[in-house]
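Student: Let me see the structure of the following:
(chains A and B, ligands or ions: 2)
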Amino acid sequence: MKFPYYPGCTLYTKAKPLNTSMQATFGALGVEIVELPHWYCCGTTFTLARDNRMSLIAPLRILAKAQKEDSRVLVPCSVCYNTLKRTNYILKQDPEVLQILNEHLEESYDGGEQVVHPLEFFRDNKERVKSKIVKDLKGMKLGCYYGCLLLRPEEEIQFDDPESPTIFEEFVSLIGAEPVEFPLKVECCGSYLVVNSPEAAVEATYRLLKNARGNGAEAIVTSCPLCHYNLDALQAKIKGVHSEFRDIPIFYFTQILAIALGLGADSAGLSQNKVSPISLLKEHNLT
Amino acid sequence: MNKILKEKDFIKRIEEISNQKISDCYQCGRCTAGCPFAEFMDAPPNQVIRFIQLGLKDDVLQAHGPWFCAACLVCQTRCPRGVDIPRLMEAVRVLHLRAKEGLIDVDSIDKELLLDAPPLAFMSAFSKYTY
Ligand code: SF4
Ligand code: SF4
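Tutor: Ligands and ions are numbered 1, 2, ... in the order given. From the prediction side, this is the model:
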């Protein structure tokens, strides 16, 4: 099976472990993920100003390129996923904008390219995943952190219920670990506020990590490189403000999948996690 | 700051940029109740909206609330009146930014963070805090 793949910029820089573990896990599942030829940045955070059409150019160009390869494209980064899906939604809703942008870019895109998140792929290919699991993750308690961009706005993203989603927990159960519910799994980590209002991001991150821990999570899984950064890297800062805070490892969902598939710590890119998950994996006899 | 627009056009301009009808909000406060960053805002989301409804342009433009909005869309999901609050917050920011006010000061970004954080953190911040 082949699947066109749009990694996005961050997977080539600060989120390499997400890329490495995507490649390794899909390879192990017998799916060849093929990077789009000549891709660009999606423009990141989607514009909320209706009169800002410029920022739709980058995502439209990616979608148009992807459509030339296949009717679907696999996108693991939550930010890219959100931007591409919201762009599609606008282009479907507003033929005038679609026409203007197509003319500008000399493309003939129709707004119909299907943007697929790996969690959706796993949901739809449960047997394929299950048959390849070789490590026993039983008893490992994982909090599934969705963040904002996979869920909202509901009408445009249509990923799962925005207030009580379950797709991530189903994935964690599928690979044999134990999902832990915590109320703040859908709340914001602070996102780009980390750049110029870091105190707000530190506080938001603290709240949700404490909430996950308090409900029994030993580690957290996420899919967004910016969430991963905030949850992982800001723990050092949290300790400066809240002395009782205890570290908690943060995995990309494909990192923990790589462990379950027996691909080892290198394929999972675990050495780049700031809060090391190694002792936790040892406790569960997974290294 | 009140050089930006004539008072009478203010509500209309916000409505145009945000594509929202400001009178839709009935001030239940649910957006503020769920906003993870309300504690950092001098005027929380529903109050900013109230200022806009009343055409209090100076109060809107002086409020810090919109700058702490992370566009997380929790309030948009929960608003019983279907108001897309982050679009209103963006419209307020955009009015400042297009008047070249409130632009992010790149030199003041923490150097350690610059080397450490993923590029999309900066790309996102630049797309929200530049014009
Ligand atoms: S939740 Fe909606 S109706 Fe209620 S105060 Fe906020 S914007 Fe207004
Ligand atoms: S979108 Fe903005 S205003 Fe609404 S809850 Fe999130 S941070 Fe608060």
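Student: what's around A:A212, how many residues?
Tutor: When neighbours are defined as other C-beta atoms under 10 Å in any protein chain shown, A:A212 has 27 of them. For every residue, glycine as well, the C-beta is placed using N, CA and C.
Student: The residue most central in space within chain B: which element?
Tutor: The geometric centre of chain B, computed from its C-alpha atoms, lies nearest to B:M89 (C-alpha atoms, centre = their mean), at 2.3 Å. With the criterion set as DSSP states H and E, the secondary-structure element containing B:M89 is helix B:85-98.
Student: What mean pLDDT does that helix get?
Tutor: Here helix B:85-98 scores 95 as its mean pLDDT.
Student: and the next element down the chain from that helix?
Tutor: With DSSP H and E setting the assignment, the helix or strand that follows helix B:85-98 is helix B:111-116.
Student: in that following helix, what's buried?
Tutor: B:L113 (16 or more other C-beta atoms under 10 Å in any protein chain shown).
Student: following that helix, which helix or strand shows up next?
Tutor: Downstream of helix B:111-116, the next assigned helix or strand under DSSP H and E is helix B:119-129.
Student: That following helix near ligand 2 anywhere?
Tutor: No. Looking at helix B:119-129 against ligand 2 by C-beta under 6 Å from any ligand atom, there are no contacts, and the closest approach is 11.0 Å.
Student: Remind me what that helix packs against, helices and strands.
Tutor: Using 3 or more C-beta pairs under 8 Å, 6 or more residues apart in numbering or on different chains; DSSP states H and E as the contact criterion, the elements in contact with helix B:119-129 are helix A:193-196, helix A:225-233, helix B:85-98.
Student: Which residues outside the shortest one are in contact with it?
Tutor: Residues outside helix A:193-196 that contact it (C-beta atoms under 8 Å, 6 or more residues apart in numbering or on different chains) are A:200-201, A:204, A:229-230, A:234, B:37, B:68, B:70, B:104, B:108-109, B:113, B:117, B:121-122, B:124-125, B:129.
Student: do the same with stretch A:150-170
Tutor: Outside stretch A:150-170, the residues that touch it by C-beta under 8 Å, 6+ apart are A:78, A:81-82, A:85-86, A:89, A:117, A:119-120, A:123, A:144-146, A:149, A:179, A:181, A:185-186, A:221, A:223-224, A:253, B:72-74, B:76-77, B:84.
Student: Buried ones only from the residues you listed, please, as a PyMOL command.
Tutor: Restricted to buried positions by 16+ other C-beta under 10 Å, the PyMOL selection for the contacts of stretch A:150-170 reads:
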select buried, (chain A and resi 78+81+82+85+86+89+117+119+120+123+144+145+146+149+179+185+186+221+223+224+253) or (chain B and resi 72+73+74+76+77+84)
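Student: Report the entries of the contacts of stretch A:150-170 that also contact ligand 2.
Tutor: Applying C-beta under 6 Å from any ligand atom to those, those adjacent to ligand 2 are B:C72, B:L73, B:V74.
Student: Not counting residues beside it along the chain, what's closest to the second one?
Tutor: Okay, so that is B:L73. Beyond its immediate neighbours in the sequence, the residue positioned closest to B:L73 (C-beta to C-beta, 6 or more residues apart in numbering or on different chains) is A:R152, lying 3.7 Å away.
Student: ok, so what distance separates that neighbour from B:A71?
Tutor: 9 Å (C-beta to C-beta, to the nearest Å).
Student: sorry, back to before: take the contacts of stretch A:150-170 and keep only those in helices.
Tutor: The helices in this structure, assigned by DSSP state H, contain A:78, A:81-82, A:85-86, A:89, A:119-120, A:123, A:253, B:74, B:76-77 from those.
Student: my read: B:M41 touches B:H64, true?
Tutor: Yes. Taking contacts as C-beta atoms under 8 Å, B:M41 lies within contact range of B:H64: 5.9 Å.
Student: and the two? which has more neighbours close in?
Tutor: Higher neighbour count among B:M41 and B:H64: B:M41, with 21 against 12, using other C-beta under 10 Å.
Student: From the chain's centroid, how far away is the worst-scoring helix or strand of chain B on mean pLDDT?
Tutor: Sorting the helices and strands of chain B by mean pLDDT, DSSP states H and E puts helix B:119-129 at the bottom, at a mean of 85. Shown here is helix B:119-129, whose average C-alpha point lies 15 Å from the average C-alpha point of the whole chain (C-alpha atoms, centre = their mean, to the nearest Å).
Student: now swap in stretch A:236-252 and tell me
Tutor: When C-alpha coordinates are averaged (C-alpha atoms, centre = their mean), stretch A:236-252 and its chain have centres 21 Å apart.
Student: Are that stretch and chain B in contact anywhere?
Tutor: No. With C-beta under 8 Å from any C-beta of the partner chain as the criterion, chain B is not reached by stretch A:236-252; the gap is at least 10.1 Å.
Student: Kindly export that stretch (C-alpha atoms) in CSV.
Tutor: Provided in CSV are the C-alpha atoms of stretch A:236-252 (Å, rounded to 0.1, in the frame of the first residue of the first chain):
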residue,chain,number,x,y,z
ALA,A,236,11.8,22.7,33.5
LYS,A,237,10.2,26.1,33.8
ILE,A,238,7.1,24.8,35.6
LYS,A,239,9.4,23.5,38.3
GLY,A,240,10.6,27.0,38.9
VAL,A,241,7.1,28.2,39.6
HIS,A,242,5.5,25.1,41.2
SER,A,243,8.1,23.3,43.2
GLU,A,244,5.9,20.2,43.9
PHE,A,245,5.6,19.5,40.2
ARG,A,246,6.9,16.0,39.0
ASP,A,247,8.2,15.3,35.5
ILE,A,248,6.0,13.3,33.2
PRO,A,249,7.3,11.9,29.8
ILE,A,250,5.6,13.1,26.6
PHE,A,251,5.4,10.8,23.6
TYR,A,252,4.4,11.4,20.1
